[in-house]
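Novice: Build the 3D model from these lines:
(2 chains)
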Amino acid sequence: MTVRTRFAPSPTGYLHIGGARTALFNFLFARHHGGQYLLRIEDTDRARSTPEAVRQILDSLEWLGLSPDEPPVMQTAQEARHAEVARQLLAEGKAYQCFCTPEELAEMRETAMKEGRPPRYDGRWRDRDPAEAPAGVKPVIRIKAPRGGETVIRDLVQGEVRVQNTELDDMIILRSDGTPTYLHAVVVDDHDMAITHVIRGDDHLTNTFRQVMVYDAMGWRRPHFAHIPLIHGADGAKLSKRHGAVGALEFRDQGFLPEAVCNYLLRLGWGHGDEEFVPRDRAIALFDLKDVGRAASRMDYAKLTHLNAQYLRQMDADAVTGRVLEILRRQGPLPHGAATTIRALMPDIQPRARTLLEAASMCGFAIASIPLTFEPKAQAQLNDEAKARLLDLAEFLSEAPWERADLDKWLRDYAEVKEMKLGAVAQPLRAALTGSTQSPPIDAVLFALGRDEALARMRAAAGA
RNA sequence: GUCCCCAUCGUCUAGAGGCCUAGGACACCAGCCUUUCACGUUGGUAACACGGGUUCGAAUCCCGUUGGGGACGCCA
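Specialist: A predicted model of the protein is given here:
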């Protein structure tokens, strides 16, 4: 049987990083086994589901390279089928109508809690004749939970987990308005979609015992389950906005590469020896649920950033240039020749930048125009002596062949002739050319800027 | 409250009874490299939550404690 997995988010908000990892694991598992990876939008909560959220989830997955192999299944589109299954169970006596009001149920939970019992429905309509139904109450359909014994699931990550059936109650599968509940819809859809492996967050682990009731009542074969641990914020609490970026697209906007995000997410909870750098193909080859840990992990932005730097470094320079240009363009129109200058700089930017945003920021000086804005430290470099030196140096360099290696040599020669340390020449020059005390190597900067612009900046900084 | 899950450096992890004086990565500190900043490189600080067992031998197995997380909805 071919492996089929699915990622099943509910469109009530943006796709956060935890969901992204669940999608990734589903994707990797399916790919590893040559199977299919699907997407189902769980929009049965009509009040909270929005088309914008659906759009964002799709966009997020696309950015991450985790688009599904088949068109997404919208859960609400299957409602007739969900109801049909519920009615079948009702007809077979495996489910029944319950006429309790929400108030009645709330009260039931409250007293149970107060008396130290688990808050469960007491099954008061399980064997009662529907003819006794109070007038005006629309019933829900509840499934008959097993009485006595225990339910066991063999989870591919969590191992064997068992629960006493007294912990389960007759859960609602069809609401009084005829729509299915999540616990019911999930099972019907997973069955109908022929899902073989349900890989999801371990917050669903205890719910699995309820879902299993539907599989068993319908006589359906249960899929394999794999409940992966959740991701927490740096403080160990559930991941939320206050922990910084959590939305998948936020990472994109902060200049992270999808490859790096996926690699980082993979390493959160999954390991293969000492391997840290695991690009997609390698991940597909290695991924196995048995290597997924059971403990929750914490989001560490520093490590993500480091991984991102590695991916950025090995990326094609033209590609990075393109991305940097995009970012820069958003901040304003680019001067003529910006693309050429930045492309020339790129090999020296890549090992220095950790994100695309940093890379763009490092290229800022390249698209600046005279007069440059000088950082205080750079300004301090430009004292009278330095200014005079810059004019002299500009004169000297005007004769130089404009190639990097030559520029480097000419600078060294200049320093030697003037009996100066190279740094004493380079730092004021750096300030003059970039407005900063930090930049790519000065010969690279000179070369990228081009003779005219470089000399002009030197003379401008000298106040000439 | 009840049930379920979890527990190795600050963080992510390796570790499936002797290979562990507990390894790697990020972060941090120091040195080297160097025209700045990075990259690179060398070294360093730093962990088996606690208590009982089992065993010749336990980070690894069992029990308990503590601590964390999750689930208990006509939400998903």
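
Novice: And what about the nearest residue to A:Met113 once chain neighbours are set aside, helix, strand or coil?
Specialist: Excluding its sequence neighbours, the residue lying closest to A:Met113 (C-beta to C-beta, 6 or more residues apart in numbering) is A:Pro119, at 5.3 Å. Using the backbone N, CA and C atoms, a C-beta is placed for each residue, glycine as well. Classification of A:Pro119 by DSSP: H, G, I helix; E, B strand; the rest coil places it in coil.

Novice: Ok, A:Gln438 next?
Specialist: Here A:Gln438 is recorded as coil under three-state DSSP.

Novice: how close does it sit to A:Cys98?
Specialist: From A:Gln438 across to A:Cys98, the span is 70 Å (C-beta to C-beta, to the nearest Å).

Novice: more neighbours, these two?
Specialist: A:Cys98 (23 against 11; other C-beta atoms under 10 Å).

Novice: who's that one bridged to?
Specialist: Counting by DSSP bridges, A:Cys98 forms beta bridges with A:Val140.

Novice: Hmm, A:Ile172 and it touching each other?
Specialist: Yes. A:Cys98 is in contact with A:Ile172 according to C-beta atoms under 8 Å; the separation is 7.4 Å.

Novice: Now for these two: what residues contact both?
Specialist: Shared contacts of A:Cys98 and A:Ile172 (C-beta atoms under 8 Å, 6 or more residues apart in numbering): A:Val140, A:Ile141, A:Arg142.

Novice: Turn these into a markdown table, columns for distance to A:Asp45 and pLDDT.
Specialist: Shown next, in a markdown table, are those (distance: C-beta to C-beta, whole Å; pLDDT from 0 to 100):
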| residue | distance to A:Asp45 | pLDDT |
| --- | --- | --- |
| A:Val140 | 16 | 94 |
| A:Ile141 | 18 | 95 |
| A:Arg142 | 19 | 96 |
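
Novice: what's the closest of those residues to A:Glu375?
Specialist: Among the shared contacts of A:Cys98 and A:Ile172, A:Val140 lies closest to A:Glu375 (C-beta to C-beta), at 67.2 Å.

Novice: So what's the residue count around the closest one?
Specialist: 24.

Novice: Spit out the contact partners of it.
Specialist: A:Gln97, A:Cys98, A:Cys100, A:Ile172, A:Leu174, A:Arg175, A:Ser176.

Novice: what about 10 Å?
Specialist: A:86, A:95-100, A:102, A:105, A:125, A:171-178, A:181 (C-beta atoms under 10 Å, 6 or more residues apart in numbering).

Novice: cool, and A:His82?
Specialist: A:44, A:75-76, A:173-174, A:178-181, A:184-189, A:192.

Novice: 7 Å instead, please
Specialist: For A:His82, the contacting residues are A:Pro180, A:His184, A:Ala185, A:Val188, by C-beta atoms under 7 Å, 6 or more residues apart in numbering.

Novice: Please name every helix or strand in contact with the helix or strand harbouring A:Phe209.
Specialist: Element membership for A:Phe209, per DSSP states H and E: helix A:205-218. Judged by 3 or more C-beta pairs under 7 Å, 6 or more residues apart in numbering; DSSP states H and E, the packing partners of helix A:205-218 are strand A:140-143, strand A:150-155, helix A:182-192.

Novice: out of these, which comes closest to A:Tyr14?
Specialist: helix A:182-192 (19.7 Å).

Novice: and chain A, what are its domains?
Specialist: A:4-71+A:231-304, A:77-228, A:315-367, A:376-462 (the TED database).

Novice: Mind putting those domains into CSV with distance to RNA strand B?
Specialist: Shown next, in CSV, are the domains of chain A (distance: least, C-beta to the nearest atom of the strand, whole Å):
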stretch, distance to RNA strand B
domain A:4-71+A:231-304, 3
domain A:77-228, 3
domain A:315-367, 4
domain A:376-462, 4
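
Novice: Now do the SS call for A:Arg6.
Specialist: The three-state assignment at A:Arg6 reads strand, by three-state DSSP.

Novice: residues touching it, list them.
Specialist: Listed by C-beta under 7 Å, 6+ apart, the contact partners of A:Arg6 are A:Asn26, A:Leu38, A:Leu39, A:Arg40, A:Met193, A:Ile195.

Novice: Show me the two of those that sit farthest apart.
Specialist: Among those, the pair separated by the greatest distance (C-beta to C-beta) is A:Asn26 and A:Met193, at 12.6 Å.

Novice: Counting neighbours, go ahead and name the busier of these two.
Specialist: A:Asn26 (27 against 18).

Novice: out of the contacts of A:Arg6, which are inside strands?
Specialist: Mapping the contacts of A:Arg6 onto strands (DSSP state E) picks out A:Leu38, A:Leu39, A:Arg40.

Novice: What pLDDT is listed against the nearest residue to A:Pro351 once chain neighbours are set aside?
Specialist: Nearest residue to A:Pro351, sequence neighbours excluded (C-beta to C-beta, 6+ apart): A:Arg313, at 5.6 Å. Here, the pLDDT recorded for A:Arg313 equals 96.
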